[in-house]
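Chemist: Here is the input, now give the coordinates:
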Amino acid sequence: MEYKVSFITDFLRNNSSGLYIAIEGIDGSGKTTQAKLLTDFFKEKKHPVVFTHEPTRKGLIGKLIHSVLQAKMNIPSVALQYLFCADRAVHQEQVIVPSLEEGKIVVSDRCFWSAIAYGIADRKSENVANTAEIFTVAQSVLSMYHQFMLPDITFFMDIPLNAAIHRLGDMNKGKEIYEKSDMLHRIKKGYDWMLKEFPKEFVMINGTKSVEEIQIEIRKIVGEKLK
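Modeler: Below you'll find the predicted structure:
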């Protein structure tokens with residue numbers, strides 16, 4: 001039997017004096033570089049700033065997630081998504097919210113938006129491009145994340161898939177489970193769906209520009225927000 005499913009959702013908004021900035025994109029898009037450069041910029045300007053990333057690197061849950069990502073242990077993909085959710089819940093309560101309430105700027109390498117794209121990618125069905133299936137997966141992911149705070153600004157590093165794969169190939173590090181070509185292809189489809197469904201929540205950045213050009217653009221947009 002087939003069922004028609006629909007839902008309306010919204011997210012918590014930041015009402016504190018601090019500013020919450022996230023940079024999203026597929027692996028190899030340059031988001032981490034830009035997040036660190038933006039953090040350094042705020043430090044130079046003497047703004048109180050916190051640099052963070054999701055999933056976290058510390059704590060029991062964060063360490064467990066990275067063991068899975070590095071293929072040191074294997075768990076079902078659904079279980080991994082629940083770990084991501086638990087990790088973000090702790091991260092929000094212990095790092096993000098307190099920092100914003102203190103008036104600090106939080107710069108995050110990824111936020112809960114990644115959960116949608118990666119949750120979709122974990123569905124190994126060949127029908128992952130099917131709109132109905134993507135919608136159903138996204139709904140199940142969002143049901144866990146609707147209580148999480150939305151960044152004030154979410155930059156999305158837009159880059160062709162082949163360019164991201166090429167960059168990852170040049171990096172001197174072992175590939176994580178989501179950094180393989182077939183998985184990146186599914187992740188990009190998830191992001192494409194998400195950007196179409198929530199267009200007002202993202203600031204699109206051309207990730208093929210030089211590092212310097214991108215950082216100038218990001219700083220300009222953030223500067224307007226801080227006025």
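Chemist: for the chain, what helix or strand is lowest in average pLDDT?
Modeler: helix 131-145 (a mean of 58; mean pLDDT, DSSP states H and E).
Chemist: Summarise which helices and strands the helix or strand following that helix is packed against.
Modeler: Under the assignment DSSP states H and E, the closest C-terminal helix or strand after helix 131-145 is strand 153-158. Using 3 or more CB pairs under 8 Å, 6 or more residues apart in numbering; DSSP states H and E, the elements in contact with strand 153-158 are strand 19-24, helix 31-44, strand 203-206, helix 211-226. Bear in mind the C-beta positions are built from the backbone N, C-alpha and C, glycine included.
Chemist: any chance of these in CSV, with mean pLDDT and distance to residue 79 too?
Modeler: Shown next, in CSV, are the helices and strands packed on strand 153-158 (pLDDT from 0 to 100; distance: least, CB to CB, whole Å):
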stretch, mean pLDDT, distance to residue 79
strand 19-24, 98, 23
helix 31-44, 97, 26
strand 203-206, 98, 33
helix 211-226, 96, 35
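Chemist: Need the winner for burial among the ones you listed.
Modeler: Ranked by mean neighbour count, the helices and strands packed on strand 153-158 are led by strand 19-24 with a mean of 26 (mean count of other CB atoms under 10 Å).
Chemist: Now tell me what touches that one from outside.
Modeler: Contact with strand 19-24 is made by 14, 31-32, 34-35, 38, 96, 100, 105-111, 113-114, 149-157, 191, 202, 218, 222, 225-226, as judged by CB atoms under 8 Å, 6 or more residues apart in numbering.
Chemist: Could you give me the buried positions within the helix or strand residue 82 falls within?
Modeler: Of the helices and strands defined by DSSP H and E, residue 82 is found in helix 77-91. For helix 77-91, a neighbour-count test (16 or more other CB atoms under 10 Å) marks 80, 81, 83, 84, 85, 86, 87, 88, 89, 91 as buried.
Chemist: Could you check how far the fourth one is from residue 182?
Modeler: Taken as CB to CB, to the nearest Å, the spacing of residue 84 relative to residue 182 amounts to 20 Å.
Chemist: try the last one
Modeler: From residue 91 over to residue 182 the distance is 29 Å, taken as CB to CB.
Chemist: what do you get for the first one?
Modeler: Separation of residue 80 from residue 182 (CB to CB) stands at 17 Å.
Chemist: Repeat that for the third one.
Modeler: Per CB to CB, residue 83 is found 22 Å from residue 182.
Chemist: Next: the fifth one.
Modeler: Spatial separation of residue 85 from residue 182 under the definition CB to CB is 24 Å.
Chemist: Could you export the helix or strand encompassing residue 189 as CSV, CA atoms only?
Modeler: Assessed by DSSP H and E, residue 189 sits inside helix 181-197. Written as CSV, here are the backbone C-alpha positions of helix 181-197 (Å, rounded to 0.1, in the frame of the first residue of the first chain):
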residue,chain,number,x,y,z
SER,A,181,33.6,8.8,-5.3
ASP,A,182,30.3,6.9,-5.3
MET,A,183,29.4,8.2,-1.8
LEU,A,184,30.3,11.8,-2.8
HIS,A,185,28.0,11.4,-5.8
ARG,A,186,25.1,10.5,-3.5
ILE,A,187,26.0,13.2,-0.9
LYS,A,188,25.9,15.8,-3.7
LYS,A,189,22.4,14.7,-4.7
GLY,A,190,21.3,15.1,-1.1
TYR,A,191,22.7,18.6,-0.9
ASP,A,192,21.1,19.5,-4.3
TRP,A,193,17.7,18.4,-2.9
MET,A,194,18.3,20.3,0.3
LEU,A,195,19.3,23.6,-1.4
LYS,A,196,16.2,23.4,-3.6
GLU,A,197,13.9,22.8,-0.6
